[in-house]
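K.L.:
Quick one: sequence plus predicted model below, questions after.
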Amino acid sequence: MAASSDGVTRRDFLNGLAIAIVAGVAPAGLLHAREAGAAYPPAATGFGASGPGSYEAAHDLRDGKRYDLDRVAASERMDLVVVGAGISGLAAATYWRRRRPQARILILDNHTDFGGHARRNEFEVGGRLLLGYGGSESLQSPTTLWSEGARAFLAELGVDPARFETAFDRTLYPSLGLSRGVFFTREAFGVDRLVTGDPLRMVADDIPPDRMNARSVEAFVGDFPLPDASRAKLIEVFTATRDPLAGKTVKEKEAYLERISYRDWLVRHWDLDGATADVFYGRPLDFFAVGTDAVSAREAFDTGYPGFRGVGIERDDDAVKEMDEPYIHHFPDGNASLARLMVRKLVPGVAPGTTMDDIVTASFDYGRLDRAGAPTRLRLNSTVVAVRNRGGAVDVGYVRDGQFARVRAARAIVAGYHMMIPYLMPALPVRQREALAANVKAPLVYVKVVVRNWRSWVARGVHEVTNPMGFYSRIKLDYPVSLGDYRFPRDPDEPMVLHLVHVPVVRGAGIDLRTRLRAARTELYAMPFATFEARARDELTRVVGPGGFDPDRDILAITVNRWGHGYSYAGSALDGDDGDGGKIPALARRRAGRVAFANADASWDPYAHTAIDEARRAVEELLGKAAG
């Protein structure tokens with residue numbers, strides 16, 4: 001097997017055991033990564049997130065393997081064990097520490113890094129630090145969507161949402177004349193074509209409406225590689241005030257829009273053929289993790305998709321808030337900084353600093369996370385496989401380095417994936433286990449590609465590209481955030497972290513959403529790193545290659561953040577499944593003895609503020625509500 005000039009073999013690259021330099025691309029010294037793996041997880045490239053080693057024990061449990069807690073003696077005794085070191089688990093530990101300052105807390109997580117979906121990706125290029133987010137990316141609409149308690153929690157961590165108004169540069173890309181674009185692939189549309197000047201707003205938008213550098217609908221659609229008649233129909237979808245539901249009452253219209261997919265809405269009521277409707281197919285993948293055939297017309301309307309100007313109904317209040325509050329509350333590493341703030345608070349001495357600014361570049365000492373005798377211990381690479389109420393306490397069994405261990409605690413909070421809980425706690429009532437199992441999460445992949453510069457993007461006139469029928473449905477330059485000592489690359493000659501989104505989907509009429517998500521997850525886990533690399537090289541070349549991009553010369557590193565269990569299940573209006581009006585989520589999260597359940601899964605709502613709210617509720621269930 002050939003090695004690169006840096007001594008990095010192809011096997012190293014594919015397994016993520018060394019810096020992910022495409023063989024023969026980066027000259028020695030240009031890209032540097034810390035020793036990959038356990039030493040400093042944020043800098044490890046290759047497969048990040050749910051990589052090999054993070055899920056095998058859980059899948060063995062799912063497939064019938066059982067662990068006898070009586071087979072091993074309890075090696076530790078704690079006041080609280082938290083299962084899951086994501087935002088909700090860390091928040092639960094933080095709330096607990098506030099209420100019980102002397103408590104002994106152990107946090108267990110199966111991944112190589114803490115934060116759960118709030119994953120941090122680090123790269124060092126020519127002595128310069130570049131950051132990326134491998135999952136949970138922003139504080140969504142904190143002024144309007146966050147509860148009073150969640151906002152107070154941010155304040156306790158030292159996070160002031162107003163700080164992002166100056167940290168996030170909303171004018172950088174517009175000032176360079178860049179717009180959003182749509183890429184049409186030759187496989188789906190007969191030719192590769194990038195069309196710039198997209199006038200459609202994003203669901204949550206960081207670009208001011210008057211700075212989008214958008215073109216008129218007629219000019220924009222006029223460049224689509226479609227027949228004249230198809231383009232004319234698309235322009236009508238965007239601009240016409242015709243009401244396809246004329247004669248129905250507002251309630252009848254709302255009920256109908258909830259029962260029909262957006263794709264069917266376009267085909268049946270706007271007379272688009274399949275190829276023309278595919279212009280929108282992958283557009284919602286990043287936000288909903290499903291295509292337009294699994295997004296209801298009502299959801300499409302609420303989030304700003306065209307085709308509803310004459311229908312005469314009002315948008316959902318929360319959807320209005322998400323669309324109208326600027327999408328700027330974003331650390332350079334996404335919500336990983338939120339997780340890091342909590343860990344720094346829980347484990348004194350693990351990292352320097354005291355503010356939301358200095359957390360961005362603070363270096364964490366992972367050797368301090370799990371120190372004997374510390375009040376809070378955070379243990380990574382530890383997959384919990386059993387949780388039992390026994391003898392006035394809770395026994396928690398976990399697998400680490402292939403060894404089964406048990407810890408005994410006065411109480412426990414399970415803040416991991418809810419569909420896993422029936423396997424961890426088989427003695428729960430049947431109906432509760434069924435409710436927990438109903439939370440089938442959507443798979444999602446965030447791929448980070450470090451490039452030598454981003455001149456080709458400027459040459460092509462885009463900062464973000466929707467790729468509705470491609471492998472990567474969204475391809476974009478990173479959010480321009482400079483915070484603390486971290487400086488975002490403002491000059492197109494500087495290296496940049498690109499953000500690519502892949503969501504595996506299974507199409508097919510009559511297949512319920514949960515079945516589709518399970519099938520898509522199976523497809524994802526069968527996909528090797530080489531596929532993500534090859535597709536990134538191919539699609540980037542086709543999108544920005546005409547602007548001068550050369551993958552062999554310009555790609556410096558790739559990290560694949562693969563989440564087989566990504567977005568929490570949010571219900572499918574098309575399946576008539578809203579969790580029975582919230583009764584199923586409420587039943588699923590019902591406390592079981594000395595065990596409470598947190599995580600955003602507990603509300604079927606995949607947001608950071610939901611994870612925090614559910615953590616507070618879980619703590620209150622075990623300790624009672626705090627005074628005031």
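P.N.:
Perfect, thanks for sending it.
K.L.:
which residues in the stretch 151-300 of the chain form strands?
P.N.:
179-184, 193-196 (DSSP state E, counting those that start in this stretch).
K.L.:
Adding distance to Gly274, mean neighbour count and mean pLDDT, write the ones you listed out as a markdown table.
P.N.:
C-beta: built from backbone N, CA, C; applies to glycine. Shown next, in a markdown table, are those (distance: least, CB to CB, whole Å; neighbours: other CB atoms under 10 Å; pLDDT from 0 to 100):
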| stretch | distance to Gly274 | mean neighbour count | mean pLDDT |
| --- | --- | --- | --- |
| strand 179-184 | 15 | 23 | 98 |
| strand 193-196 | 19 | 19 | 98 |
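K.L.:
for those, which one sits closest to Gly310?
P.N.:
For those, proximity to Gly310 was assessed by CB to CB; strand 179-184 is nearest, at 24.4 Å.
K.L.:
who does that closest one pair up with?
P.N.:
strand 193-196 (antiparallel), strand 462-466 (parallel) (DSSP bridges).
K.L.:
Switch the ones you listed over to TSV; also include distance to Thr249.
P.N.:
Below are these laid out as TSV (distance: least, CB to CB, whole Å):
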stretch	distance to Thr249
strand 193-196	39
strand 462-466	35
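K.L.:
Can you give me the distance of Trp563 to Ser179?
P.N.:
Per CB to CB, to the nearest Å, Trp563 is found 30 Å from Ser179.
K.L.:
ok, now Asp333?
P.N.:
Noted for Asp333: a distance of 26 Å to Ser179, by CB to CB.
K.L.:
so who does Gly134 touch?
P.N.:
Taking CB atoms under 8 Å, 6 or more residues apart in numbering, we find Gly134 in contact with 48-49, 119-121, 334, 336, 446, 448, 559, 561.
K.L.:
rerun that using 7 Å as the cut-off
P.N.:
Applying CB atoms under 7 Å, 6 or more residues apart in numbering to Gly134 gives the contacts 48-49, 119-121, 446, 448, 559, 561.
K.L.:
tally of neighbours for His269?
P.N.:
Under the neighbour criterion other CB atoms under 10 Å, His269 is assigned a count of 17.
K.L.:
How about it: what's its closest non-neighbour residue?
P.N.:
Spatially, and ignoring its direct neighbours in sequence, His269 is nearest to Pro244 (3.8 Å; CB to CB, 6 or more residues apart in numbering).
K.L.:
burial measure for the one you found, as a count.
P.N.:
If we define neighbours as other CB under 10 Å, then Pro244 has 17 of them.
K.L.:
Need the phi and psi values for Ile105.
P.N.:
Dihedral pair for Ile105: phi -120, psi 130, per degrees, to the nearest 10.
K.L.:
any idea how far the spatially most central residue of the chain is from Leu178?
P.N.:
By CA atoms, centre = their mean, the mean C-alpha position of the chain lies nearest to Gly135, the distance being 3.6 Å. Here Gly135 is placed at a distance of 26 Å from Leu178 (CB to CB).
K.L.:
what does Ala219 give?
P.N.:
From Ala219 over to Leu178 the distance is 17 Å, taken as CB to CB.
K.L.:
More neighbours: those two, which one.
P.N.:
Higher neighbour count among Ala219 and Leu178: Leu178, with 23 against 12, using other CB under 10 Å.
K.L.:
Quick check: the more buried one vs Met212, distance?
P.N.:
The value you get for Leu178 to Met212, if CB to CB is used, is 10 Å.
K.L.:
what does Arg406 give?
P.N.:
To Met212, Arg406 is 56 Å away according to CB to CB.
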